[in-house]
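# test case, fold it:
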Amino acid sequence: MPETITEGGGSLAPGLYLVATPIGAARDITLRALDILAAAEVLAAEDTRRARKLLDIHGVRLGGRRILPYHDHNGAAQRPRLLASLAEGRSVALVSDAGTPLVADPGYRLVVEAVAAGHPVIAAPGASAVLAALSVAGLPTDRFLFAGFPPPRAAARRRALAELAAVPATLVFYESPHRLAEALAGMAEVFGDRPAAVCRELTKRFEETRRGTLAALAAAYADAPEPKGEIVVVVGPPAPAVVTEDALDEALGAALARLTVKDAAAEVAEALDLPRRRVYARALELSGER
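Numbering: from 1, shown residues only. Sure thing, here's the model as predicted:
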């Protein structure tokens, strides 16, 4: 049996608390998150039933508190109520459906208005499907971009993916099971056959990560029954462009016409993402030939 944590069990300074909740395994919640949920004077949740179940699992009593619903459909009506609580100097805890608030969930507008009104906004970090997928995908993590859900319609999705094709970073998407194969095929068409990973039901009982090229993954899911559960797609960054000697000479020639050898080499090396020493040596050769 979990230890019962009673409402009001500790003091909590006024402010808006963004509390990350588990994406699957209930024990992935942090001790600090439990303290905040036990002590906050006002609780708001994207899904009140899931929030209540989580509190029950960990023995957090509501006492006389209610869990207020806050989601895409009632946000405009509910925000004034939550902001009024903040204005009264109360502590307000916001939890998402699962994972970290504001990552593909409706908390953004509430934070914007709370900040504008001068209220403290405090993060209680924890589980995140984005970071969990990056951890297991086996793809570069030094630079990444979370792109949310791709548009559901093919033409809009193609345009959105085209805008991301040149981003020099690993890309992370959320996707629904019934669109997964189509989305992977669209990514392969726009991005080329990059390495990728499909992460499904992370931290849950049937957790699965499939790795391969975008084309291979698209084919595998096209021929398989529709997957179940929540899905994160991680796509590797574009391969570095190959710069030919002719292209290097052309760029250096234009730069040398207006800059010193040193400055021209520095500018071209940065623009073409080439080693500065190599570019400087070639710049010296070209300036000597001239």
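
# which phi and psi does the residue lying closest to Ser128 once chain neighbours are set aside have?
Among residues not flanking Ser128 along the chain, Thr100 sits closest, at 4.6 Å (CB to CB, 6 or more residues apart in numbering). Where you see a C-beta, it was placed from the backbone N, CA and C, and this is true even at glycine. With angles defined as degrees, to the nearest 10, Thr100 sits at phi -90, psi 130.

# residues near Thr100, how many?
Residues within reach of Thr100, counting by other CB atoms under 10 Å, total 24.

# against Val130, how distant is it?
Applying CB to CB, to the nearest Å, the value for Thr100 to Val130 is 8 Å.

# would you agree Gly126 is in contact with Ala25?
No - in this structure Gly126 lies outside contact range of Ala25 using CB atoms under 8 Å: 11.6 Å.

# those two: which has the busier surroundings?
Shown here are Gly126 and Ala25; by other CB under 10 Å, Gly126 has more neighbours (17 against 13).

# for the residue lying closest to that one once chain neighbours are set aside, give me its contacts.
In space, and not counting its chain neighbours, Gly126 is closest to Ala20: 3.2 Å by CB to CB, 6+ apart. By CB atoms under 8 Å, 6 or more residues apart in numbering, the contact set of Ala20 is 29-30, 33, 95-96, 99-101, 124-128.

# backbone phi and psi for Ala20, please?
Ala20 adopts backbone torsions of phi -70, psi 140, taken as degrees, to the nearest 10.

# what's the closest non-adjacent residue to Leu134?
Using CB to CB, 6+ apart, the nearest residue to Leu134 is Thr141, at 5.2 Å.

# now do that neighbour against Arg211, distance only.
14 Å.

# and if you look at Pro101?
To Arg211, Pro101 is 29 Å away according to CB to CB.

# likewise for Ala77?
Distance from Ala77 to Arg211, by CB to CB: 44 Å.

# which of those two has more neighbours?
With neighbours defined as other CB under 10 Å, Ala77 and Arg211 compare such that Arg211 has more, 16 against 9.

# now do the phi/psi pair for the more buried one.
Main-chain dihedrals, Arg211, degrees, to the nearest 10: phi -120, psi 150.
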